[in-house]
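# Need a 3D model of the following:
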Amino acid sequence: MATLAQPDMQRVNIGFIASIVVVATIGGFMFGYDSGVINGTQKGLEAAFELGKLGIGINVGAILVGSSIGAFGAGRLSDAYGRRTVMMGAAVLFLISALLAGGASSSILFIVARIIGGLGVGAASVISPVYISEVTPASIRGRLSSVQQVMIITGLTGAFVANFALARYAGGSTAQFWLGFPAWRWMFWLQALPAAIYFLALLTIPESPRYLVVKGHTERARAVLTKLFGSDEADRKVAEIAASLAADHHKPRLSDLIDKTTGKIRPILWAGIGLAVFQQLVGINVVFYYGATLWEAVGFSEDYALQTNILSGVLSIGACVFTIAFVDKIGRKPLLLIGSAGMAVTLATVAYAFSTAVTAPGGGVSLPGNNGVIALVAANLYVVFFNFSWGPIMWVMLGEMFPNQIRGSGLAVSGFAQWIANAAISVSFPALAVSPGLAVTYTGYAVFAGISFFFVQAMVKETRGRELEAMEG
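Predicted coordinates for the structure are as follows:
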């Protein structure tokens, strides 16, 4: 394993680095908001477009089609045109999607709008962590990269709060609000404001120095690194980045993911794909996309279900803050293992509570005795376990675990796999909730959480404190 010198933290421009991280992670906020806004709009979509359960699943899942394409394309595009350029493109896509989704006159137009938004979500989801990892010192890279997950959850919570407020003041998500449009349309239109802010803020940050070295813009890279770490450190980092690329005298390409010696896919890529897929197979986006519908299905009112979403969001942010404090002390792998075990237990508890659901003579569904409280507590503990482990750590590791030559390609494939798994879970949930039912569905998520524990033990290597130029694959 290569051992590289660590930068002198006294010379590191923490203020500049922090400002860059804040701007880059606005993409995470948009990722979260665009994903979470759908949670409170499903009654409006059903009424406006006359959708059944399958139709709702397709409209909700449309964003994931775009996200998978955006994630795959963004990794390659960022190698060709730069990390910042791709993030700016994502900001434009967010803005277009917000305007079109809110004004859609048919299910088809809505699906197109959400696919456009998904392209932005997919791009932001993979490029922001890479960009952050490439401009931060190894000693604090984990905590700064974890800010991405805080912003994702903040975006989700922001969407939940906006949905709740609009529905409360309008008298329901389908009730008329400003200018005679129903509240659910305004839930989408509000996204335009942070999307515009994201684009303008990106104009204030530099391109990734590692990308600049790859492209031969050494002096520009040295200027950025000087501002980040000081002049002495800049010269050393430029030399290290160049040396890490010296063995490959060609531009990054997908074929680099194949080991030249064995002719097989590199093990590091399998680890990346596994991390990306298991993060979704535990069912977390069922909570994010269908939380309101889920809680209404077991007897909660729309108003209380939307409030429950907000509670989950606040707890998620708190869990992410814990990760920021400890990820560079405890390490990535231990947090993943704790999260897997915790999610397996809490998901199994939720499944048990849902198995006791009873249907009243009038058709309403409820959880008898204290099982409603048990389900609510277990579900929120599950969200906490996810958000101090797999939520932020998966993105941290994907941003840092790949060697320089294959970072863009590794992110493209892993990100694509992540969004395909997301789509499979999210689109299937409405139908699975009816048959075989919530109890069986959540049992399946619990099983995947248990399997993820053994996957981490066998496949994931610790990356805490290692320079990006020392990553092996």
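
# hey, let's count contacts and neighbours off CA atoms from now on
Noted.

# by contact count, what packs against the longest helix along the chain?
As assigned by DSSP state H, the longest helix anywhere in the chain is helix 138-170. Packing contacts for helix 138-170, counted by 3 or more C-alpha pairs under 8 Å, 6 or more residues apart in numbering; DSSP states H and E, involve helix 14-24, helix 26-36, helix 107-135, helix 183-189, helix 302-330, helix 390-400.

# got any ranges where the stretch 301-450 of the chain has weak pLDDT?
301-302, 305-306, 359-366 (pLDDT under 70).

# Tell me which stretches of the stretch 251-400 of the chain form strands.
Across the stretch 251-400 of the chain, reading from the start of the chain, the strands by DSSP state E, counting those that start in this stretch fall at 358-359, 365-366.

# Against which helices or strands is the host helix or strand of residue 232 packed?
Taking DSSP states H and E as the definition, residue 232 sits inside helix 231-245. Contacts of helix 231-245 with other secondary structure elements, assessed using 3+ C-alpha pairs under 8 Å, 6+ apart, are made with helix 209-214, helix 218-229.

# Now do the same for residue 243: its pLDDT.
Residue-level confidence at residue 243 comes out at 76, pLDDT.

# what's around it, how many residues?
The number of residues packed near residue 243 is 12, by other C-alpha atoms under 10 Å.

# quick revisit: got the angle for the longest helix of the chain vs helix 26-36?
Calculated by axes from the mean of the first three to the mean of the last three C-alpha atoms, to 10 degrees, helix 138-170 forms an angle of 40 degrees with helix 26-36.

# Just want the most central residue of the chain.
residue 125 (5.5 Å; C-alpha atoms, centre = their mean).

# contacting residues for it?
For residue 125, the contact set (C-alpha atoms under 8 Å, 6 or more residues apart in numbering) comprises 27-28, 31, 71, 415.

# just residue 206 next, same as before
With contact set as C-alpha under 8 Å, 6+ apart, residue 206 has these partners: 84, 224.

# That one belongs to a strand, doesn't it?
No. Looking at residue 206 with DSSP: H, G, I helix; E, B strand; the rest coil, it is coil, so not inside a strand.

# Now do the phi/psi pair for it.
Residue 206 has phi and psi values of phi -80, psi 170 when expressed as degrees, to the nearest 10.

# pretty sure residue 307 is touching residue 164, no?
Yes. Contact status for residue 307 versus residue 164: in contact at 7.0 Å, counting by C-alpha atoms under 8 Å.

# Name the nearest residue to residue 28, ignoring sequence neighbours.
residue 152 (4.6 Å; C-alpha to C-alpha, 6 or more residues apart in numbering).

# cool, residue 160 as well?
With C-alpha to C-alpha, 6+ apart as the criterion, residue 160 has its nearest non-adjacent residue at 5.7 Å, and that residue is residue 310.

# Report the contact partners of that neighbour.
Taking C-alpha under 8 Å, 6+ apart as the contact definition, residue 310 lies against 157, 160-161.

# from the residues you listed, which is closest to residue 433?
Residue 433 has its nearest neighbour among the contacts of residue 310 in residue 160, at 21.9 Å by C-alpha to C-alpha.

# was I right about the closest one contacting residue 35?
No. Counting by C-alpha under 8 Å, residue 160 stays clear of residue 35, with 10.5 Å between them.

# And these two? Which one has more around it.
The residue with the greater number of neighbours, taking residue 160 and residue 35 and applying other C-alpha under 10 Å, is residue 160; the counts read 30 against 25.

# For residue 108, see how far away the more buried one is.
Here the criterion is C-alpha to C-alpha, to the nearest Å. By it, residue 160 lies 25 Å from residue 108.

# just residue 73 next, same as before
Taking C-alpha to C-alpha as the criterion, residue 73 is separated from residue 108 by 24 Å.

# between these two, which one's more packed in?
The residue with the greater number of neighbours, taking residue 73 and residue 108 and applying other C-alpha under 10 Å, is residue 73; the counts read 22 against 12.

# how deep is the residue lying closest to the more buried one once chain neighbours are set aside tucked in, by neighbour count?
With sequence-adjacent residues excluded and distances taken as C-alpha to C-alpha, 6+ apart, residue 73 is closest to residue 412, at 6.5 Å. Residue 412 has 28 neighbouring residues, counting by other C-alpha under 10 Å.

# Next, work out how far apart residue 412 and residue 348 are.
33 Å.

# try residue 41
From residue 41 over to residue 348 (counting by C-alpha to C-alpha), the distance is 29 Å.

# How about residue 116?
The value you get for residue 116 to residue 348, if C-alpha to C-alpha is used, is 36 Å.

# for residue 118, same thing?
From residue 118 across to residue 348, the span is 31 Å (C-alpha to C-alpha).

# Compare those two (neighbour count), which wins?
Comparing residue 118 with residue 348 by other C-alpha under 10 Å, the one with more neighbours is residue 118, at 31 against 23.

# Tell me the predicted confidence for that one.
At residue 118 the predicted local distance difference test score is 91.

# What about the residue nearest to residue 28, how many residues nearby?
The burial count assigned to residue 152 is 29, neighbours taken as other C-alpha under 10 Å.

# And the one 5 residues further on, by the same measure?
Using other C-alpha under 10 Å as the criterion, residue 157 is surrounded by 27 other residues.

# wait, it sits on residue 314?
Yes. Contact between residue 157 and residue 314 holds when scored by C-alpha under 8 Å: they sit 6.9 Å apart.

# Pull out the buried positions in stretch 169-180.
Using 16 or more other C-alpha atoms under 10 Å as the test for burial, stretch 169-180 gives 170, 172-177.

# show me what contacts residue 47?
Listed by C-alpha under 8 Å, 6+ apart, the contact partners of residue 47 are residue 174.

# buried ones in the helix or strand where it lies?
Assignment of secondary structure by DSSP H and E places residue 47 within helix 42-49. Neighbour counts over helix 42-49 (16+ other C-alpha under 10 Å) mark 42-46, 49 as buried.

# Output these in JSON lines; the columns should cover distance to residue 408 and pLDDT.
Compiled in JSON lines, those are given as follows (distance: C-alpha to C-alpha, whole Å; pLDDT from 0 to 100):
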{"residue": "42", "distance to residue 408": "36", "pLDDT": "77"}
{"residue": "43", "distance to residue 408": "39", "pLDDT": "78"}
{"residue": "44", "distance to residue 408": "39", "pLDDT": "80"}
{"residue": "45", "distance to residue 408": "37", "pLDDT": "82"}
{"residue": "46", "distance to residue 408": "39", "pLDDT": "80"}
{"residue": "49", "distance to residue 408": "39", "pLDDT": "84"}
